[in-house]
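Enquirer: model the following, please.
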Amino acid sequence: IFFRKLYNMGELEKFDGVLLGIAQQHTGGVESLMDTFFGFLSRKTDFFTGVASSEAEKTLLKCFKKWSDISKEAHEKKQADQEKARKQREAKAAAEAKKRADAAAAAAAEPKIQEITDEEEAEIVQKAKAAEAKKSEEQPETKTEEPKKSDDGEDEDEGKGAKPNAGNGGDGPGYTWTQNLAELEVRIPMPLPKVKGKDCTVDIKATSVKVGLKNADPIVDGELFAKVKVDDVAWTIEDGNVVVVHLTKVNQMEWWKHVVVGHPEINLQKVQPENSKLEELDGETRQTVEKMMYDQRQKSMGLPTSEEQEKQKMLQKFMAQHPEMDFSKAKFC
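Expert: Numbers count the residues shown, from 1 in each chain. Take a look at the predicted model:
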């Protein structure tokens, strides 16, 4: 807003072509460009001699402060807009997840009947007669098998992949990464003590990533574990030589086991969602997200999901309440 109040956008941009052409001829960067400009003022104007040097310096600092303030305000606004968009995406994803969970629960509320073969019918009838002969008084409770334990007490499936770091990510060849359900952050140290943006090559597509120094082999190069939103990609340089890449997942209800296909994997069963992120959600949405994560872990271990467990309980209860009904010729799924 401050930026637009001061200047008309068309007036600002009309010199961009000329200035860009001049800037491209200065391989020494901004310092070289400014040196040329002040040389022009010295040779062609009385900027340095027409007024006291303190006045010239005051004019210079005034212009610098003005554009510094404009730049900072624009940068802060961009960051605020990105944060707002991120929260909106998370809220939308959680709402859609709840909608899908409600629809699945409604579908599971009624038992479905499947046709069976003659062989299956004969087997069911035989079992039913045997049960009646023994006059079984109650149905056995449905028990969920616990995953088998190894001698040291660890689940067998837990050996698949490394333990996630504190950010639910891990280490790759030449980089580290962290994640939440919606986003990833990849940190790639450069092999130089100090680099600038112009020294780096960062090429992010929906399904691939390539990061490194110009005119050198890439440090990270390969196919991504899943698709990302190219329009939301952002990267910066921290600590002088660490390229930090921010990626937004297309599927924001999925944990990644690695960033690049073929690189070391993490054990998704040991991923721990950040409490701070869950606490930002309302109670109902948080419960839905936690349920989805529980179901994901159950599926990865080959165990029933929460909906399947609830369905089994409902069927057992219904059959126990209606012993007069013959279920021998039906299958429930």
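Enquirer: all the helices of the chain, in order from the start?
Expert: Assigned by DSSP state H, the chain shows helices spanning 2-6, 9-13, 16-24, 30-44, 53-108, 118-134, 275-279, 283-300, 306-321.
Enquirer: list the buried residues in the last one.
Expert: So that's helix 306-321. 308, 311-312, 315 (16 or more other C-beta atoms under 10 Å). To be clear about C-beta, it is placed using only N, CA and C from the backbone, and glycine gets the same treatment.
Enquirer: again, but for the third one
Expert: Neighbour-count burial for helix 16-24, counted by 16+ other C-beta under 10 Å, picks out no residue.
Enquirer: chain center to it, what's the gap?
Expert: 38 Å (C-alpha atoms, centre = their mean, to the nearest Å).
Enquirer: try the longest one
Expert: Averaging C-alpha positions (C-alpha atoms, centre = their mean) puts helix 53-108 17 Å from its chain's average.
Enquirer: could I have the CA atoms of stretch 245-260 written out in CSV?
Expert: Extracted C-alpha coordinates of stretch 245-260, given in CSV (Å, rounded to 0.1, in the frame of the first residue of the first chain):
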residue,chain,number,x,y,z
VAL,A,245,13.9,-25.2,-0.1
HIS,A,246,10.2,-25.1,1.0
LEU,A,247,7.9,-27.5,-0.8
THR,A,248,4.1,-27.8,-0.5
LYS,A,249,2.6,-31.3,-0.9
VAL,A,250,-0.3,-31.9,-3.3
ASN,A,251,-1.6,-34.7,-1.0
GLN,A,252,-1.6,-32.9,2.3
MET,A,253,-2.8,-36.0,4.3
GLU,A,254,0.3,-38.1,3.6
TRP,A,255,3.7,-38.5,5.3
TRP,A,256,6.7,-38.9,3.0
LYS,A,257,9.2,-41.7,3.8
HIS,A,258,11.9,-39.9,1.8
VAL,A,259,12.3,-36.8,-0.4
VAL,A,260,13.9,-38.4,-3.5
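Enquirer: what about stretch 249-262, average pLDDT?
Expert: The pLDDT scores in stretch 249-262 average 91.
Enquirer: got a list of contacts for that stretch?
Expert: Around stretch 249-262, the neighbours that count as contacts under C-beta atoms under 8 Å, 6 or more residues apart in numbering are 89-90, 93, 97, 161, 168-170, 172, 175, 177, 179, 181-184, 186, 206, 209, 220-229, 264-266, 268, 271, 292, 296.
Enquirer: endpoints of it, how far apart?
Expert: 19 Å (C-alpha to C-alpha, to the nearest Å).
Enquirer: re earlier: inside strands: which ones of the contacts of stretch 249-262?
Expert: Members of the contacts of stretch 249-262 lying in strands (criterion: DSSP state E): 170, 172, 175, 177, 179, 183-184, 186, 209, 220-223.
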